[in-house]
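Colleague: please work out how this folds:
(chains A and B)
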Amino acid sequence: MSWTRKHLLDIESLSPEEIITVLDTASGFKDVGKRDIKKVPALRGKTVINLFVEPSTRTRISFELAAQRLSADVINFSAEASSLRKGETLKDTTRNLQALKADMFIIRHSAAGAPHFLTRFLDAHVINAGDGAHEHPTQALLDTFTIREKKGRLKGLNVTILGDVLFSRVARSNIWALTKMGAKVTLCGPVTLVPKIFEKLGCRVTHRIEEAIEDADVINLLRIQHERQRKTFFPSLNEYTALFGLSKERLARCKSDVLIMHPGPINRGVEIDSEVADCDHSVILEQVTNGLAIRMAVLFLVNGTRVPIEASA
Amino acid sequence: MNSKTILDTADIEAAIQKIALQIAQIHPQGENVYLVGIQRGGVLLANRIETLLKSIWGKPVPVGQLDISMHRDDLDARSAPPVYPTNIPGDITGKNVVLVDDVIFRGRTSRAALDALNDFGRPKRIQIAVLIDRGHLELPILANFVGKTIDTQINDLVEVRWKEEGAEEEVVLKTA
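Modeller: Numbering: from 1, shown residues only, chains lettered A, B, ... in the order given. Okay, here's the model as predicted:
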């Protein structure tokens, strides 16, 4: 099917067919990354603004490289050294950038809904690279891509998301994507970080790690954002690791073909044992490779909506 | 739209035979010939041509698959096209590459294919083989090996249906 969305703002509003379109398109772009010449002219002459109002290394570099490999020009804009620090509003900043004929905005912002806000007054394409605790759509797409590539399917798989679900946009986007694709999602972590209310999104919620991992085909670990939560949400990191860390011993009780995933950055010895992070089950680095292909696919697809769909026979 | 069959299964078989013989005439020993099928119809056709050339030359002929969607010149004027796999095994540098497509029309796909191929090496020579040449070229490009030339109006549609895709094999001309 053809893609008709001008922006990628969330997973919640996507249909399963649209998710499949992104994944299939990304397969072609993954091939490009394996060539000696890793660049194609699909977005030649386009200007992409990487607007990261909240810090990020991995996602920013991934989007930057994705745009470059599509031959677009990329401007990296970080909040620290910008007019946003001088009191300019996000709206004025982005409208100024659009006055320079920017074609696409990739935005990371601490406020949920910031990307949606931009679409109200910008003509350019807007791609959500993470908005508060709301969504991180390209992360969910690359996770889904990685699972489909490794397992050959998504439907019927047991996927466990383990860790700080409450504050995680990665968890939310993954829950939407995986349930739409027919996977069975289990959430696990401390009661304070994995409230029962998430069952309303169609997930199983458990606070016993043994129960969460024993029949899991995939375990997606989330980083404990301890800078923020250490004091309030659980007694200590050591206790967290004891109760919910993915240790070698726990891995031994998982399915023999379980996939271990993590959106990064990992905290070795906290949510994941160092040896587990580096073991054969771990696809953490492949997620990074696939993320680039997904982001190329997303930029390519939204660019195809610059004209009314009827006009493109 | 009116639609009529202009090539049936036997005609298609004969046209492919003709292409293979033309290629074998230009490259009598099959020296360094490398077939590259353009996704998707060209890939099926390239495989069929390879089968015939293999029996003529008595040796297998390398076949690659090329997707040209990222090199199109109309990406700003259409919805994003589907992307299919590209697979060019080995090295095409110094080879006699035959680009294979099912239909040549405006020549835009061939141009994109020349561009896309450029990222994989520098062939000694590139030639184009097509099942159908339907006219209306818009670029200085021409097909070297043609199965069948047909007269069409610019708004007509030419559809090639392959048995490999589960269809009854035929070429259909749809006129407004």
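Colleague: for B:Trp57, which non-adjacent residue is spatially closest?
Modeller: Once flanking residues are discounted, B:Trp57 sits nearest to B:Gly30: 3.7 Å by CB to CB, 6 or more residues apart in numbering or on different chains. C-betas here are computed from N, CA, C, even on glycine.
Colleague: that neighbour belongs to a helix?
Modeller: No - assessed by DSSP: H, G, I helix; E, B strand; the rest coil, B:Gly30 does not belong to a helix; its assignment is coil.
Colleague: what distance do you get for it to B:Ser55?
Modeller: 11 Å (CB to CB, to the nearest Å).
Colleague: helices along chain B, start to end?
Modeller: With DSSP state H as the criterion, chain B has helices at B:9-26, B:41-57, B:108-118.
Colleague: residue closest to the middle of chain B?
Modeller: Centrality entry for chain B: nearest residue to the mean C-alpha point is B:Asp101, 1.4 Å, by CA atoms, centre = their mean.
Colleague: so who does the closest residue to that one other than its chain neighbours touch?
Modeller: Once flanking residues are discounted, B:Asp101 sits nearest to B:Gly42: 4.0 Å by CB to CB, 6+ apart. Residues counted as contacts of B:Gly42 (CB atoms under 8 Å, 6 or more residues apart in numbering or on different chains) are B:66, B:99-102.
Colleague: what do you get for A:Gly269?
Modeller: A:241, A:245 are the contacts of A:Gly269 under CB under 8 Å, 6+ apart.
Colleague: out of the contacts of B:Gly42, list just those in strands.
Modeller: Counted as lying in strands by DSSP state E, out of the contacts of B:Gly42, are B:66, B:99-102.
Colleague: could you rank those residues by neighbour count and give me the top one?
Modeller: B:Val100 (32 neighbours; other CB atoms under 10 Å in any protein chain shown).
Colleague: state the distance from the closest residue in space to it that isn't next to it in sequence to B:Ile23.
Modeller: In this structure, B:Val100 finds its nearest non-sequential neighbour in B:Ala46, 4.1 Å apart by CB to CB, 6+ apart. Taking CB to CB as the measure, B:Ala46 falls 11 Å from B:Ile23.
Colleague: where do the domain boundaries of chain A fall?
Modeller: According to automatic domain parsing, chain A comprises the domains A:16-136+A:291-303, A:137-288.
Colleague: close to chain B, is the shortest one?
Modeller: Spelled out, that is domain A:16-136+A:291-303. Yes - using CB under 8 Å from any CB of the partner chain, we find that domain A:16-136+A:291-303 touches chain B at A:24-25, A:27-29, A:31-32, A:35-37, A:39-42, A:70, A:297, A:300-301, A:303.
Colleague: end-to-end on that domain?
Modeller: End-to-end distance for domain A:16-136+A:291-303: 20 Å, by CA to CA, to the nearest Å.
Colleague: helix, strand, or coil at the spatially closest residue to A:Arg204 that is not a sequence neighbour?
Modeller: Spatially, and ignoring its direct neighbours in sequence, A:Arg204 is nearest to A:Thr186 (4.5 Å; CB to CB, 6+ apart). Classification of A:Thr186 using three-state DSSP returns strand.
Colleague: isn't A:Thr186 right up against A:Val159?
Modeller: Yes - look at A:Thr186 against A:Val159 with CB atoms under 8 Å: they come within range, at 7.2 Å.
Colleague: what touches both of the two?
Modeller: With CB under 8 Å, 6+ apart as the test, A:Thr186 and A:Val159 both reach A:Ala216.
Colleague: those two - which one has more neighbours?
Modeller: A:Val159 (28 against 19).
Colleague: what does the strand or helix carrying that one rub up against?
Modeller: Under DSSP states H and E, the secondary-structure element containing A:Val159 is strand A:158-162. Strand A:158-162 has contacts (CB under 8 Å, 6+ apart) with A:147, A:171, A:174-175, A:178, A:183-189, A:209, A:212-213, A:215-222, A:244, A:246, A:271.
Colleague: gap between the two ends of stretch B:60-76?
Modeller: End-to-end for stretch B:60-76, by CA to CA: 40 Å.
Colleague: state the mean pLDDT of that stretch.
Modeller: Mean per-residue pLDDT for stretch B:60-76: 96.
Colleague: what is the neighbour count of A:Leu23?
Modeller: Count around A:Leu23 with other CB under 10 Å applied: 23.
Colleague: and for A:His207?
Modeller: Neighbour number of A:His207 under other CB under 10 Å is 17.
Colleague: that one and A:Pro190 touch, don't they?
Modeller: Yes - counting by CB under 8 Å, A:Pro190 is a contact partner of A:His207 at 7.0 Å.
Colleague: for chain B, what is the nearest residue in the stretch 151-300 of chain A?
Modeller: For the stretch 151-300 of chain A, the residue closest to chain B is A:Phe300, as judged by CB to the nearest CB, at 5.6 Å.
Colleague: and the helix or strand encompassing that residue, what does it pack onto?
Modeller: Assigned by DSSP H and E, A:Phe300 belongs to helix A:284-303. Packing contacts for helix A:284-303, counted by 3 or more CB pairs under 8 Å, 6 or more residues apart in numbering or on different chains; DSSP states H and E, involve helix A:16-32, helix A:58-69, strand A:104-109, strand A:125-131, helix A:137-151, strand A:259-261.
Colleague: how far away is B:Lys59 from A:His262?
Modeller: B:Lys59 is 49 Å from A:His262, by CB to CB.
Colleague: the two: which has the busier surroundings?
Modeller: A direct count of neighbours by other CB under 10 Å for B:Lys59 and A:His262 places A:His262 higher, at 25 against 11.
Colleague: lovely, talk soon.
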